[in-house]
Every structure is written in C-alpha cells, then in structure tokens.
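> Build the 3D model from these lines:
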Amino acid sequence: FLAIQSIGAVAVPAFAQLRADDLIYRINDTAAVLALVSEAFAAEFIEVEAACPTLDTVLSVPKDPTGKFSTLGDFEHLPFVDKTFAETHADDIALIAYTSGTTGRPKGTAHCHRDLLAASDTYSRHCIGTTPDDILAGPPSLPFTMGSAFFIYYTLAFGAASILSADKSVQTYAGLINRHGATVFIGVPTFYKQFISYIDEQDIELPTLRMSLVGGEPLYPELEESWLYLTGLPLEQFIGSTEMFHIYIGYRHGIDHPRVGVLGRAIPGYEITVRDPDTFEEKENGEHGILCSKGPTSTAYWSPKEIQVEMVRNGWNIAKDTVWKDEEGYIHFVARADEMIITGGFNVAPSDVERVLVRHPAVAECACVASPDDTGQRNHVVKAFVV
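Predicted coordinates for the structure are as follows:
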C-alpha cells in the first residue's frame, strides 16, 4: 500500500479468496499495469495474465514456481535508486477498492490521498483516541477497507502498532491479544459470536483490551450482552462503507455511552440525515428512511460510473440502509433497504426476525429472506435458513 502510493501509483488490493475470473475483472476494469502475486497463486495467475492486455509485469513473490513471471531476484543486480516521493495532490487517486458484490458485479470505488488521511483525523482521532501506546488487532483483511483503515492509516498516523495475521481463527487471536498486549480489538459480529464461545469455554481473560469495536453486519443485543458479561467491555458499534472508505457513524470512546442495539451518532466531521427514498425530503426523528451522510470522504465510483448519480444526491452520500434517528441524534438500524420483505401488507426487516430466532438455544446462526407463498395468499412470506 504505502510503497505504491508513495510513488504516485494506485493500489488495487485483492483478497486471496478471489479466483481467476474475479482478478481478470478487476485488472481489466482498472487497466492495471503490474500485478504482485504470492507464489502460492502463481500457477493460477497464468490464465489471468493471458486475459489482461494492460499487464506489463507480473511479479511472483518471493519465488516463481511456474518459470513464467518475474521475481524480486530478477532486480537484485540493478543499482539502487534513491527514489524521492512523488509530488501527489491531495485529490489524486491512491486506492481503488471493490465492494463485496452482493448485488451484481462488484463496484470499484476510488479513494484519494485526502480520504486516507481523513479516516485517521475523524474516527481514529475522535472515537478511538488512538495513542502511541495502542496496539490494534482483529481479523479484517487489508483489502477490506475496514482492515486497511484500522491497521495501516489509523495506527501510523498516531504512532500506534498493528497485529497482522493470515490466520483469522479465534484461537489465534486470543493468543495474539495476550501475547502482544493488544488494546483495541476490531471484528464483525460473526467473529465475536465464535470468540465468545471460545473464550468462555477456555476461561480466557483479555486484560489488556480497553476497547472492542464491531461493524460490518447486523448486531444482535444478545451478542452485546454476552461480550459485556464475559469481558466487562461494551461492544462499540460503527457503520461505514467501501464507497466512503470510512466510518461515519459510531461512538466517541469515553464520551458517548454505547447503547444496545444502536449504531451510534455521526462521528466528528460528518453529518447524518434520514430521508424519504422517493421524495428525498428529510424525515422527522423516529420516522424510517434511508441513511444519508456528508463529510470529508465521499462516494466516487470508478466503475460503473453511471450509478454515481443514483448514490450521491444534492451532496449527500446515500446508503441503502433503512434507519431512524432519535432526539439525541443516535441512529437505529432497521434493515438494508433492498432486503425489506413485504408480506401481507407489512414491511418486515429480516434482522427483526433473525433477532428472535437466534435467542433459541438450538440456533447458532440464521438468515431470513423473502420467499414465494405456496398458498397464494401473499406475494411473499418470510423464510429462515437456520444453522
């Protein structure tokens, strides 16, 4: 990340789980000229290179088992060049990150140098209160904007440290937290659910943690209560997006007291409104509407560019989340706007049904969707998939 951005180039990170088709799509979409490939994936990358005409160089690191690509050893004989940093502008693109692709092809989101700095000067400064004594840990991967923000930009801006691990298991992180004295932990609810079971069964304490942060998925109150009971720490929720690069709703540690089932408030530097999805008029407190934000980072699509006008309106960045705001400015999540289930004339949030089902001791996880009604009485009924 840092080396690429320092020479004025643009980083396009890719998850190790992506396969050839996924990589070909991203390389051709960005017209990438260089690919850095772990030797474990070199053989699979032969197919990728053949389908990507803009690629000038493929660098297999540290070695090339295929004999078809360059390696670092190929450049060892070259004289050292004292490369100065590029004269980049704050609004030059530094990073293109792709969304998860839950609806259609993943979307490319462009982020400039200013965005990466703003991430540190908003959430890291005001909500975590990051100091040189902090050590941040958690399973989010660096290609995930949550991972790159927390473990690269948040820490370096304030002289803190990160714990990075390719092994994302709860067993590994329980050991890493205590071995290195981690002070801030970041994870998604699914990870915390597994983590709670493991530390409870193994009777593990995490005495160095001062904060536990959670985001990325709906959070059930039972999970918050279990974590607080086991660790004495509240789960401090946040919401952000790949499009915004960054978090725009959360809690200021030590100032805002975390509330069970509540996302938080607009973090310093951002404004939040709740608006009607059709008229775009601002909703009154307590009324449901779509979540809109404005601040130092914003949505800028690299591709497909035509959806830019759909997702940014009158300067407001639109998230497809149905929420409501209370009198104190706290944001309450209802559901993804495109996941609401209309049944019998009612709008049903899948998370509301899931929240009830996971209370049953036999249910480990569940997900609810709209399903055709075989009786013909309704257009849809709520269908639950249960583990």
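
> Now F85. Nearest residue, chain neighbours left out?
S6 (5.1 Å; CB to CB, 6 or more residues apart in numbering). C-betas here are computed from N, CA, C, even on glycine.

> And the strands in the stretch 151-300 of the chain?
161-163, 184-187, 211-214, 235-237, 239-240, 247-250, 265-266, 271-275, 289-294 (DSSP state E, counting those that start in this stretch).

> and the fourth one, which strands flank it?
Within its sheet, and counting by DSSP bridges, strand 235-237 is paired with strand 211-214 (parallel).

> okay, now R210: neighbour count?
If you count neighbours by other CB atoms under 10 Å, R210 ends up with 15.

> Hmm, V184 and it touching each other?
Yes - if you go by CB atoms under 8 Å, R210 and V184 touch, sitting 6.8 Å apart.

> In terms of secondary structure, what does whichever strand in the chain runs longest contact?
In the chain, taking DSSP state E as the definition, the longest strand is strand 316-325. Identification of packing neighbours for strand 316-325 by 3 or more CB pairs under 8 Å, 6 or more residues apart in numbering; DSSP states H and E yields strand 271-275, strand 289-294, helix 308-311, strand 331-336.

> Point to the helix or strand of this structure where mean pLDDT is at its lowest.
Ranking every helix and strand in the chain by mean pLDDT, DSSP states H and E puts strand 346-348 at the bottom, with a mean of 73.

> is it true that the residue nearest to F85 touches E87?
No - when contacts are counted by CB under 8 Å, S6 is not listed as touching E87 (11.3 Å).

> Which one's more surrounded, these two?
Applying other CB under 10 Å to S6 and E87 shows that S6 carries more neighbours, namely 14 against 7.

> partners of the longest strand of the chain in the sheet?
Sheet pairing of strand 316-325 (DSSP bridges) gives strand 289-294 (antiparallel), strand 312-313 (antiparallel), strand 331-336 (antiparallel).

> just to revisit the earlier point, and the average pLDDT for the helix or strand following the least confident helix or strand of the chain is what?
As assigned by DSSP states H and E, the chain's next helix or strand after strand 346-348 is helix 350-357. Taken as a whole, helix 350-357 carries a mean pLDDT of 84.

> One more: stretch 10-26?
Across stretch 10-26, pLDDT averages out at 94.

> what sits against A94?
Residues near A94 by CB atoms under 8 Å, 6 or more residues apart in numbering: Q5, V10, A11, T88, H111, C112, H113, D115, L116.

> Tell me how far it lies from A31.
Distance from A94 to A31, counting by CB to CB, to the nearest Å: 16 Å.

> Ok, F238 next?
34 Å.

> what does R259 give?
Distance of R259 to A31, computed by CB to CB: 46 Å.

> Apart from its neighbours in sequence, what residue is nearest K294?
Per CB to CB, 6+ apart, closest to K294 is E271, 4.7 Å.

> Same question for Y270.
That would be G295: by CB to CB, 6+ apart, it lies 3.5 Å from Y270.

> quick one, phi/psi of the one you found?
Per-residue torsions, G295: phi 180, psi -160 (degrees, to the nearest 10).

> Surely it and T273 touch.
No - taking contacts as CB under 8 Å, G295 lies outside contact range of T273: 11.9 Å.

> for V381, which residues make a bridge with it?
For V381, the beta-bridge assignment (DSSP bridges) gives partners S371.

> coming back round to it: can you give me the offset of the least confident helix or strand of the chain from its chain's centre?
For strand 346-348, the separation from the chain centroid amounts to 28 Å (computed by CA atoms, centre = their mean, to the nearest Å).

> Direction included, what does that strand pair against?
Sheet neighbours of strand 346-348, with direction, are listed as strand 341-343 (antiparallel) (DSSP bridges).

> What lies in contact with the partner strand?
347-350, 368-370, 373, 378-382.

> Out of those, who's the most crowded?
C368 leads the contacts of strand 341-343 on contacts (other CB under 10 Å) with 23 neighbours.

> The one helix or strand it maps to - contacts with which helices or strands?
According to DSSP H and E, C368 maps onto strand 366-372. Counting contacts by 3+ CB pairs under 8 Å, 6+ apart, strand 366-372 is packed against strand 341-343, helix 350-357, strand 380-386.
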